[in-house]
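*Asks:* missing the sequence, but the structure's below:
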Ligand code: HEM
């Protein structure tokens, strides 16, 4: 979900605002504007919450924040403590830091959905894509992932890995043919295009099954839906619209939702397949056989049609579309970013490569031992112990790669926006320090306070990829010290799939390439700290493993 919102760069909102504010504001008028912001709208009535001062010449906090997020937060926190007001992204918000972060995530009267909707009117789009489950706080989308993807992940893994591998080879072959440099070095100017193909194909094979995923239109939908959506979501100005304009905008969304054409693609591609599945099921029933159900999310949703109150196939595809929006772009973006981290820190590649060899060696030995034991007992060796599969990247193998897991977690820790995941108060809420966040006000999370707290270990401002090895801190563990997936009841249910894909992509890349280099090293810092959804601004050079 995050990616959808972040598609709209934060600066665009401040740019829009800048246009409305006279240039050349001095210290005095800046102070006036701060006061106006406080009194005018949104901070609420609790005067004990301090408002961060504005830098001389600034009319909002956007510029200072985006110039150096860490320095901005350090200044504000040292001047105001853990809870303070800021004017960012066209909006008055209360920054919540440290131990109180947990209180925001765990209190159901704070709503991340309300906050995103205020910025983007996203819900009106979603409502126009589905025919059921219109209730604001409906948990269906969460449950679809929790109940139909996560528990079956080990079963889906073989298909996901195969698809990632296949598309990596197809895409790299294109570059090898046209962009091969000397010494086995291959320049890829837009690495995200490789990851788009890999992730879209892997997600499609699980979401709609291999047959429907063969349809190129379906893959294009998986790749482009989030970007098309991002274009119409806007950058936050919607919130400033009058009630009348907001109404018009919502009506427009219902009629001109660009995602309707993507839903049509899914419906058209899946209709014949679903009909054929029905026919085969009936045939099996008539012959007294057990129908072997296809193993994909579409089938699982059809099997639970009544449970989820679906209306028809179009409705099912609308729900699938929301899952696509939540999953494909976020995973594509973060896996592309992972490659840039591998390129920026080449000194860690050998350890990661050795780890994958060691894990696969170990699994091969264990399977050999199991086969020998069965032989010794005179028992048959099943297909599950087929020696040709000894070195497959199974879910269990990927799970054992502790260094890769720690690397991925550290990438998230390092990259994350320092202020994000706003939650809007649905009523006046008193924090444990006695401060009250008023109804309608957004509490925004100080990620720096969570991700750079002393509990993270040494050198918290540095990238230390083995920070979490040997600790019980898996990259999937959503908690107060790791918040890229949120935490609590609404924590991203797709994180298990996302992390598994990210680790697999890292493993596959390093099994084929011994080194990655950033084509334009001057962009390194900017890329490593880029927001989810921002375009990659440099190519990557891949060196083939000999
Ligand atoms: C790297 C990839 C991903 C990132 C960074 C990410 C991040 C997030 C975040 C921050 C939230 C909001 C959590 C909160 O409100 O506390 C969220 C919610 C959600 N995500 Fe993800 N996500 C990713 C991948 C996925 C995938 C692969 C799926 C589906 C297969 C998915 C499905 C969802 C859903 C359904 C929600 C809404 C949960 C709710 O409101 O209860 N996400 N995600």
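*Replies:* Yep, it's here. Small disclaimer: the values here were computed from a predicted structure and weren't measured.

*Asks:* for residue 517, give me phi and psi.
*Replies:* Taking degrees, to the nearest 10, you get phi -130, psi 140 for the backbone angles of residue 517.

*Asks:* need the nearest residue in space to it, chain neighbours excluded.
*Replies:* Take residue 517 and drop its neighbours on the chain: the residue closest to it by C-beta to C-beta, 6 or more residues apart in numbering is residue 541, 4.3 Å away. (Glycine included, C-beta is placed from N, CA and C.)

*Asks:* show me which positions of the helix or strand the one you found falls within end up buried.
*Replies:* Applying DSSP states H and E as the criterion places residue 541 in strand 540-544. In terms of neighbour count (16 or more other C-beta atoms under 10 Å), strand 540-544 has its buried residues at 540-543.

*Asks:* same list (those residues) but as CSV, adding pLDDT.
*Replies:* Formatted as CSV, these follow (pLDDT from 0 to 100):
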residue, pLDDT
540, 96
541, 95
542, 95
543, 94
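
*Asks:* still on that earlier bit, how close does the residue nearest to residue 517 sit to residue 455?
*Replies:* Residue 541 sits 37 Å away from residue 455, going by C-beta to C-beta, to the nearest Å.

*Asks:* coming back round to it: among the buried residues of strand 540-544, which ones lie close to the ligand?
*Replies:* Here nothing survives when the buried residues of strand 540-544 are matched to the ligand using C-beta under 6 Å from any ligand atom.

*Asks:* list just the nearest of the residues you listed to the ligand.
*Replies:* Compare each of these with the ligand using C-beta to the nearest ligand atom and the shortest gap goes to residue 540, at 19.1 Å.

*Asks:* who touches the closest one in this structure?
*Replies:* Contact partners of residue 540, counting by C-beta atoms under 8 Å, 6 or more residues apart in numbering, are 187-188, 191, 339-340, 343, 516-519.

*Asks:* which pair in those spans the largest distance?
*Replies:* 187 and 340 (14.7 Å; C-beta to C-beta).

*Asks:* more neighbours: which of the two?
*Replies:* Between residue 187 and residue 340, counted using other C-beta atoms under 10 Å, residue 340 has the larger neighbour count: 22 against 15.

*Asks:* so the closest residue to the more buried one other than its chain neighbours: helix, strand or coil?
*Replies:* Here the nearest residue to residue 340 in space, its sequence neighbours aside, is residue 527; by C-beta to C-beta, 6+ apart that works out to 5.0 Å. Here residue 527 takes the helix state, with states given by DSSP: H, G, I helix; E, B strand; the rest coil.

*Asks:* ok, residue 527 - how many residues close by?
*Replies:* Counted with other C-beta under 10 Å, the burial measure for residue 527 works out to 22 neighbours.

*Asks:* I figured it was touching residue 539, is that so?
*Replies:* No. Proximity of residue 527 to residue 539 does not meet the contact threshold set by C-beta atoms under 8 Å, at 10.9 Å.

*Asks:* need the residues touching each of the two.
*Replies:* Both residue 527 and residue 539 are in contact with residue 518, where contact means C-beta under 8 Å, 6+ apart.

*Asks:* can you pick the most crowded of the contacts of residue 540?
*Replies:* Neighbour counts for the contacts of residue 540 peak at residue 191, which has 25 neighbours (criterion: other C-beta under 10 Å).

*Asks:* okay, and the beta partners of the nearest residue to it once chain neighbours are set aside?
*Replies:* Distance criterion C-beta to C-beta, 6+ apart; nearest residue to residue 191, sequence neighbours excluded, is residue 540 at 4.6 Å. Counting by DSSP bridges, residue 540 forms beta bridges with residue 188, residue 518.

*Asks:* what parts of the stretch 201-350 of the chain come near the ligand?
*Replies:* Proximity of the stretch 201-350 of the chain to the ligand, by C-beta under 6 Å from any ligand atom, involves residues 323, 326-327, 330-331, 334.

*Asks:* residue contacts, residue 221?
*Replies:* For residue 221, the set of contacting residues under the criterion of C-beta under 8 Å, 6+ apart consists of 262, 265-266, 324.

*Asks:* residue 126 contacts residue 323, correct?
*Replies:* No. In this structure residue 126 lies outside contact range of residue 323 using C-beta under 8 Å: 11.4 Å.

*Asks:* so between these two, which is more surrounded?
*Replies:* Neighbour totals were compared for residue 126 and residue 323, and residue 126 leads with 22 against 19 (other C-beta under 10 Å).

*Asks:* run through who's touching stretch 443-460.
*Replies:* 69-70, 73, 77, 82, 86, 88, 93-98, 101, 104-105, 110, 413-414, 416-425, 437, 461, 464, 467, 480-483.

*Asks:* list buried residues within those residues.
*Replies:* Among the contacts of stretch 443-460, those classed as buried by neighbour count (16+ other C-beta under 10 Å) are 69, 73, 77, 82, 86, 88, 93-98, 101, 104-105, 110, 413-414, 416-425, 437, 464, 467, 480, 482-483.

*Asks:* give the residue farthest from the middle of the protein.
*Replies:* Among the C-alpha atoms of the chain, the one most distant from their mean position (C-alpha atoms, centre = their mean) is that of residue 378, at 49.4 Å.

*Asks:* now the longest helix that the chain contains: average pLDDT?
*Replies:* Using DSSP state H to define each element, the chain has its longest helix at helix 313-344. For helix 313-344, the mean pLDDT works out to 96.

*Asks:* beyond that helix, next helix or strand please.
*Replies:* Helix 313-344 is succeeded, C-terminally, by helix 349-377 (DSSP H and E).

*Asks:* and the average pLDDT for that following helix is what?
*Replies:* The model assigns helix 349-377 a mean pLDDT of 97.

*Asks:* buried ones in that helix?
*Replies:* 349, 352-353, 355-356, 359-360, 363, 367, 371.

*Asks:* please apply the same query to stretch 170-177.
*Replies:* For stretch 170-177, burial by neighbour count (16+ other C-beta under 10 Å) applies to 171-172, 175.

*Asks:* just send those back as TSV, with secondary structure too.
*Replies:* Below are the buried residues of stretch 170-177 laid out as TSV (three-state DSSP):
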residue	secondary structure
171	helix
172	helix
175	helix
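
*Asks:* got CSV for those residues, with pLDDT and distance to the ligand too?
*Replies:* CSV is the format used below for the buried residues of stretch 170-177 (pLDDT from 0 to 100; distance: C-beta to the nearest ligand atom, whole Å):
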residue, pLDDT, distance to the ligand
171, 95, 20
172, 94, 22
175, 86, 25
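
*Asks:* quick one: which of those is nearest residue 401?
*Replies:* Comparing those against residue 401 with C-beta to C-beta picks out residue 172 as the nearest, at 22.0 Å.

*Asks:* how far off centre is stretch 76-95?
*Replies:* 25 Å (C-alpha atoms, centre = their mean, to the nearest Å).

*Asks:* same question for that stretch, mean pLDDT?
*Replies:* 94.

*Asks:* distance between the ends of it?
*Replies:* For stretch 76-95, the first-to-last residue distance is 10 Å (C-alpha to C-alpha, to the nearest Å).
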